[in-house]
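# Based on what follows, work out the 3D shape:
(one chain, ligands or ions: 1)
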Amino acid sequence: MAAILVRCPNCGSPAHRHLLPLLAQSRTECHRCDYLLVTCTRTGNVVEAHAPGLSDAALRERLTVPLSVAIAARSQGWGG
Ligand SMILES: [Zn+2]
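Numbering: from 1, shown residues only. I've put the predicted structure just below:
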């Protein structure tokens, strides 16, 4: 699995981005602050997002796709 070192957008620490070609997903995880962002590499849509210390409203502002879409996708079993 390919892992790319990126900077966590939440806390600024080094985070890992994993590319999951079989799922057409990119998964960014920070183990320091428990930040998680899963996006679809085909559409760029956010599949799943979790950022500790951010309210739902603040997190939603950071994302281009409304969180309700991500939640709907997850409930339909696309969340991996
Ligand atoms: Zn972080």
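# Give the buried residues for stretch 39-56.
Of the residues in stretch 39-56, those with enough neighbours to count as buried (16 or more other Cβ atoms under 10 Å) are 39-40, 45-49, 51, 54. Backbone N, C-alpha and C define where each C-beta goes, glycine included.
# what does the average pLDDT come to for it?
Averaged across stretch 39-56, the pLDDT comes to 86.
# what about that stretch and the ion, touching?
No - using Cβ under 5 Å from the ion, stretch 39-56 never reaches the ion; the gap is at least 8.2 Å.
# re earlier: which single one of the buried residues of stretch 39-56 is nearest to the ion?
Checking these against the ion by Cβ to the ion gives residue 51 as the nearest, at 8.2 Å.
# isn't that closest one right next to residue 10, touching?
Yes - with contacts counted by Cβ atoms under 8 Å, residue 51 reaches residue 10, the gap being 4.9 Å.
# Which members of the buried residues of stretch 39-56 are positioned in strands?
The members of these that map onto strands under DSSP state E are 39-40, 46-49.
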